[in-house]
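A.B. asks: Structure, please.
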Amino acid sequence: MPIPTEPIGSIPRPQELLDAMAARAAGHITDEKLHSVEEAALQDTIARFEETGSPVTSDGEQTKPSFATYPLAGIQNLAPDGVVIPFADGHTRQLPRLTAGPFRYGVQAANYLKAAQRYAHRPLKQAVISASALSLLYPQNGLSGYSRDAFLEDLVKEARQDIRECLAVGAASVQIDFTEGRLALKLDASGELLNWFIELNNRVLDGFSSAERQRIGVHTCPGGDRDSTHSADVDYVSLLPHLFRLNVGRFYIQLASEPDRRRVLEAMRKLLKPSVLLFAGVTDPICARIETPEEVQDRVLEAAEFIPVESLGTTDDCGFSPFADDTSTSRNTAFAKIRSRVEGTSLASDVLGV
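C.D. replies: Down below sits the predicted model:
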């Protein structure tokens, strides 16, 4: 089989969709009008994804407000003043704060998958947010009548159900977004916070069989928003031993933008289990230049020096627009990079004889 290649997820939204989202938030259009614009964007995104030749596609997260906060839509027990995540260029993102229990998802990721299946002709993967990211919703001072332990019990159940429903309705794979992994080491160099994140996510994964976990993967990167990152200054090699403790069958690893890829690949070679697939990032979404297929081929061949070809796949370093309002990359650039990834991976497969 040729080397598998998959996207990470988000594609920049069309301007018409961004305008409609803003108009609905301001009360200027109806839900029905927004839905019609969303449907057009979704259909166009999947068609353009398939035109790239990508064997696996996604909905491009067109109707998600962000990769992280989609489960919170419609939830009333939230305040806006939660954890702040600073990026290297000075901008920030802020999570909501839970104000009362119990915690329940407002939206399940399977809803996005089922909507995309109406238009797709190829396998679809589905991205979900990690339990560890959502654990940051719980306030440090606690909540009266709703303990942290009770919250975590509810969170694990909700996160597990989010994955299970995606598998049940036919996702080719389910990708857990874990961009806070590297950030955890920036916030706590001792590694205690990161270890706690790993243990929490493994609690979720413990509810799945070995066969199911082969279809579940984890994505890691140092953030990628408005062409900036939140934790690229953290040594990647410090993260990897913790990351590979996650009980999944796939890892989607940001790699194209790393200044010393060979050092990272050497570390991963020592950690990768035989039954696990490693999807190496071969395109950099926060770099405006479009990689050529030949550049992608060279990055795949470099990775194959360290990773057994039967365990190797390719991907993009990050989503192209993880937050709906991130317009730093155009749709045309995103799809051009995806096409180069697909074509370059095919070239490398031919060279490697697979």
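
A.B. asks: ranges for the strands of the stretch 101-250 of the chain?
C.D. replies: Using DSSP state E, counting those that start in this stretch, the strands found in the stretch 101-250 of the chain span residues 125-129, 173-177, 216-220, 250-253.

A.B. asks: Any idea which of those gets closest to Val351?
C.D. replies: strand 250-253 (21.3 Å; C-beta to C-beta). From N, CA and C alone the C-beta is placed, and that goes for glycine too.

A.B. asks: name the element Ala267 belongs to?
C.D. replies: Remark: Ala267 resides in helix 261-271, with elements defined by DSSP states H and E.

A.B. asks: Only alpha carbons, please: show the helix or strand following that helix as PDB.
C.D. replies: Counting by DSSP H and E, the next helix or strand C-terminal to helix 261-271 is strand 277-283. Extracted C-alpha coordinates of strand 277-283, given in PDB (Å, rounded to 0.1, in the frame of the first residue of the first chain):
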ATOM      1  CA  LEU A 277       1.100   4.700  12.900                       C
ATOM      2  CA  LEU A 278       3.000   7.900  12.900                       C
ATOM      3  CA  PHE A 279       1.700  10.600  10.600                       C
ATOM      4  CA  ALA A 280       4.600  13.100  10.100                       C
ATOM      5  CA  GLY A 281       3.800  16.700   9.300                       C
ATOM      6  CA  VAL A 282       5.200  17.600   5.900                       C
ATOM      7  CA  THR A 283       3.500  21.000   5.200                       C
END
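
A.B. asks: who's in contact with the following helix or strand past strand 277-283?
C.D. replies: Sequence order places helix 293-304 as the next helix or strand after strand 277-283, per DSSP H and E. Applying C-beta atoms under 8 Å, 6 or more residues apart in numbering, the contact partners of helix 293-304 are 3, 255-256, 261-262, 265, 280, 282-283, 312, 314, 340-341, 343-345, 347-348, 351-352.

A.B. asks: 7 Å instead, please
C.D. replies: The contact list for helix 293-304 (C-beta atoms under 7 Å, 6 or more residues apart in numbering) reads 3, 256, 261, 265, 280, 282-283, 312, 314, 340-341, 343-345, 347-348, 351-352.

A.B. asks: Which ones among those residues lie within helices?
C.D. replies: If you go by DSSP state H, the contacts of helix 293-304 have Arg261, Leu265, Ser340, Arg341, Glu343, Gly344, Thr345, Leu347, Ala348, Val351, Leu352 in helices.

A.B. asks: just curious, which of those is nearest to Leu113?
C.D. replies: Arg341 (22.0 Å).
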